[in-house]
Structure formats: C-alpha cells, structure tokens
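S.K.: everything below, folded, please.
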Amino acid sequence: MTMETTLSPGSTIGFLGAGQLARMTAHAAQRLGYKTLCWSGGGDASPTLQVAGEVIQTDFHCKQSLERMLTECDVITVETENIPADLLAAFTGKGILRPRSQAVRIAGDRRLEREFIASAELAQTDFRIARNDQDILQAFHEIGDCVAKTARDGYDGKGQWRIRSEVDVQLCIQQRGDYELVVEKFIPFELELSILVARSASGEIKVYDPAENIHRHHVLDASIVPARVSSEISDNAKEIAKKLVVELDYIGILAVELFITKEGEVLINELAPRPHNSGHHTIDACVTSQFDIHIRAICNLPLTSTTLYHPVVMVNLISDQWSEDVQGLTHPDYASFENAVWHLYEKQWKPGRRKLGHVNFIEENRDQALEKANQFRAILASQTKLLTSSSN
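M.R.: This is a model prediction of the structure:
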C-alpha cells in the first residue's frame, strides 16, 4: 500500500491500544463502514470489548498477534505513543502505519520531540538533555528554575521534578532511576491551550479551534472551547499546528499542547500523535469529531468541516472524584443538568486518577457552558468529600 492509497469502507483498521481513545475511534470507523481490530498490548481492554469488532488481549511482544495484525489489517493506527520500536518497524515495513513511525517515536520521546521542534524553528522553552547526574546539576545552574522530565514513559505529571535549588536536584537524582531526562526552563504561563490538526495521506489539512485546558493534580480536568484568548493567539496556534504536520509528513490527527505567556507568546509544550483528551468536545460540538476526521485522514478520504457550532466545556470524570458506586445517569444531582452529553468508557474503576468518562456541557454561549460545568465540578468535589468521609 502506498501512502496515498484510499481505503474504502469494508477495509479493516487496526488499533495499537484498546483504551477509551480506541473505543471512540472505533465507533467513528464503524459509522463509516470500516471493520476494527484492537490489540490491547496487555493493557486494560475493557473500553473496547463491547465496541470493536475484535480485541486481541496479548502484550505487544506476542508474535502470533503481530502476524494477525499484519495479515488482517489494511491500515494500523495508534492510541498511545508508547509502542515498542520493533513493532513500529514491522508495520512500517509493510507500509500500513498511519501516522508514520517517525512521528510516533518523536512524540513518545521528549528528547526527540524537543530536538524536532528546535529543527522546525518553532518556539518552545529553553531545555537541556541530561544523561547523567552531573548533567542535571549543570542544567539547573545554566537555566535556573526548571522542570526535569523523563524522556520516556512520563504522563499526567508522572516522571517530573520541579527544581528550584540544589536540594531539589539531589531529590531528582535519587528518584529518576535510569531514565534520560529533559530539563526545561520553568514557564510561568498564563494558561494552557491545545489544538488538534488533521492531515490526510494526500496532504489535505484541517485544524480545530484551540481548547483552553484546566488541570487538576497534573491531569486534565476541563477544556473550554472557544478558548479565552485573542484571535491573534488563536491564529498563531493554528499556524504552528499546520507547520508541524507538514514538517512531520504526518497522516492522521495530531494534538499540540501549548503554553501561553503573559506577554502573549505561544510556546509548544508537547505533541500527541493520536486523538486527545482535550478534543473530546468535538464529538458533540463540532461538525466532524476528532475521531471521525482521524479515520478520514488515515483512510485518505476527504477531510470534512472542523467548524465549532456550539460553545462547549468538557469535564473529565476521574476516579479520585468519580466512584464506581456513583451512578451518574440516575443520581439526581448529576442527572438534572440539561444540555449535558455523557460519555462513559466502561473502564474498570481503580484508585488514583484514572479517566473513566467525560461530560460535554453545550450552551448558547461560553459563559453559560462554563457556569454549568463549574456547578457540576463543584458537586463532584463535594461528593468526593462525602465518599472519603464514609470510608473512614
């Protein structure tokens, strides 16, 4: 298969990963008439078991599963950037991996990501690569207040150390293990944005309006669209996203996370080569969802409109606030919200900060949507206190 090949409905799309992103993308694929086959890689496959055509529940080192994917799938895509290099190479060799392995590798390794952004001459924070303990100390002395992050396997605040002093340096050294680190100058940003951009195998590009993101304990809590930024910042973010997909020769949907400084500077934080949590609002508030457009892009169909037709605020349902004992659709405090669209992932509840679903609040204007979302978030927080008290 050449990269420009168009895959017609009836073709089989394979997914590396079987979590909620694969679930929602498989929904989109099936609506367009495609067959789906998910490979869990050994992770929790509960979100896709009732949705995908079939789910292979083995780890990514299983040769029989690899052979099935190579034999049965017409195109392969990913829901995570943490894919073994030899697996990416196997699908690349057959020419069926979209996005390309280079993009997945870059987004899965913070060092490669930072170096790529620098080569594309796009704005980002000052950084250093730390391969040993001395490198970490030297980086701190050179750039001052900083954040050290593991080059691989870090997410939702894991594998990060804020460094303001040599005492912090020593703590980072003690805890980092054998990971190579990227040490980045700390940015006292005004807000965080993310922007989704899609590029088809034929080179057609579509970009969504940026989302303003609010995090809680390093995990995305809510996304506000349209973002509360100027048109200049929004346009700048869109141009950055477009340049990135061209530089990467990208196929599929790419998420770009951005920091906005008080001076209005737009800095790239990180990339994700897949649908993104901050794009879940597109399911209910845009002409085409991020999942639909990803399928269109990897199958080389024409990309349709990304227009936002309603202001929306997306709120995540996270396991530290959302209990398996709370039935949201029947609980009167939750069910009373009008213009709230629920998406539950059928994921197994686990303690911590596990994403179990999301709710899109759609209103005539952004302030109304934000008010409803904040009311909902306040109830979540109070319910959490009740659950915690009852368990003591």
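S.K.: which residues does Arg31 contact?
M.R.: Contacts for Arg31 were tallied using CB atoms under 8 Å, 6 or more residues apart in numbering; they are Asp292. (Glycine included, C-beta is placed from N, CA and C.)
S.K.: any idea how far Thr77 is from Ala18?
M.R.: 13 Å (CB to CB, to the nearest Å).
S.K.: cool, Ala237 as well?
M.R.: Per CB to CB, Ala237 is found 24 Å from Thr77.
S.K.: so for the two, which sits in the more crowded spot?
M.R.: Applying other CB atoms under 10 Å to Ala237 and Thr77 shows that Thr77 carries more neighbours, namely 31 against 24.
S.K.: what ranges does the stretch 51-200 of the chain have for its helices?
M.R.: Counting by DSSP state H, counting those that start in this stretch, the stretch 51-200 of the chain has helices at residues 63-72, 85-94, 101-108, 110-119, 133-143, 166-175.
S.K.: which other helices and strands contact the third one?
M.R.: Applying 3 or more CB pairs under 8 Å, 6 or more residues apart in numbering; DSSP states H and E, one finds that helix 101-108 makes contact with helix 85-94, helix 110-119, strand 266-272.
S.K.: just tell me which of these ends up closest to Ala241.
M.R.: strand 266-272 (9.6 Å; CB to CB).
S.K.: what does that closest one contact?
M.R.: With CB under 8 Å, 6+ apart, strand 266-272 has contacts from 81, 106-107, 110, 113, 117, 122-125, 187, 189, 192-193, 233, 236-237, 240, 244, 254-261.
S.K.: try 7 Å
M.R.: For strand 266-272, contacts defined as CB atoms under 7 Å, 6 or more residues apart in numbering pick out 81, 107, 113, 117, 122-125, 187, 233, 236-237, 240, 254-261.
S.K.: domain ranges for the chain?
M.R.: 1-97, 126-185, 312-391 (automatic domain parsing).
S.K.: all strands for the stretch 201-350 of the chain, in order.
M.R.: All strands of the stretch 201-350 of the chain, identified by DSSP state E, counting those that start in this stretch, fall at 205-207, 211-216, 219-225, 252-260, 266-272, 312-318, 340-344.
S.K.: what is the mean pLDDT for the last one?
M.R.: Averaging pLDDT along strand 340-344 gives 94.
S.K.: the next helix or strand after it vs strand 312-318, what angle?
M.R.: The helix or strand immediately downstream of strand 340-344 is strand 355-362, counting by DSSP states H and E. Per axes from the mean of the first three to the mean of the last three CA atoms, to 10 degrees, the angle that strand 355-362 makes with strand 312-318 is 160 degrees.
S.K.: check which helices and strands strand 355-362 sits against.
M.R.: helix 282-285, strand 312-318, strand 340-344, helix 366-391 (3 or more CB pairs under 7 Å, 6 or more residues apart in numbering; DSSP states H and E).
S.K.: for the second one, give me every contacting residue.
M.R.: Pointing back at strand 312-318 there. Taking CB under 7 Å, 6+ apart as the rule, strand 312-318 contacts 219-225, 277, 280-281, 284-285, 353-362, 369-370, 373, 376-377.
S.K.: ok, now the shortest one?
M.R.: Helix 282-285 is contacted by residues 208, 225, 289-290, 308-310, 312, 341, 360, 362 when judged by CB under 7 Å, 6+ apart.
S.K.: need those in a markdown table (columns: neighbour count and distance to Lys149).
M.R.: Formatted as a markdown table, the contacts of helix 282-285 follow (neighbours: other CB atoms under 10 Å; distance: CB to CB, whole Å):
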| residue | neighbour count | distance to Lys149 |
| --- | --- | --- |
| Tyr208 | 27 | 26 |
| Val225 | 24 | 27 |
| Ser289 | 25 | 30 |
| Gln290 | 26 | 26 |
| Leu308 | 17 | 32 |
| Tyr309 | 11 | 37 |
| His310 | 18 | 36 |
| Val312 | 28 | 30 |
| Val341 | 16 | 34 |
| Asn360 | 24 | 30 |
| Ile362 | 20 | 35 |
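S.K.: pass me the low-pLDDT residue ranges in the stretch 251-392 of the chain, would you?
M.R.: Within the stretch 251-392 of the chain, the stretches with pLDDT under 70 are 324-328, 383-392.
S.K.: of the helices and strands packed on strand 355-362, which is nearest Thr58?
M.R.: Here strand 340-344 is closest among the helices and strands packed on strand 355-362 (CB to CB), at 26.2 Å.
S.K.: please identify the buried residues of that closest one?
M.R.: 340-341, 343 (16 or more other CB atoms under 10 Å).
S.K.: which residues are contacting stretch 146-163?
M.R.: Residues contacting stretch 146-163 (CB under 7 Å, 6+ apart): 82, 108-111, 130, 136, 139-140, 168-169, 171-172, 175, 179-186, 217-219, 353.
S.K.: could you tell me the end-to-end distance of it?
M.R.: 5 Å (CA to CA, to the nearest Å).
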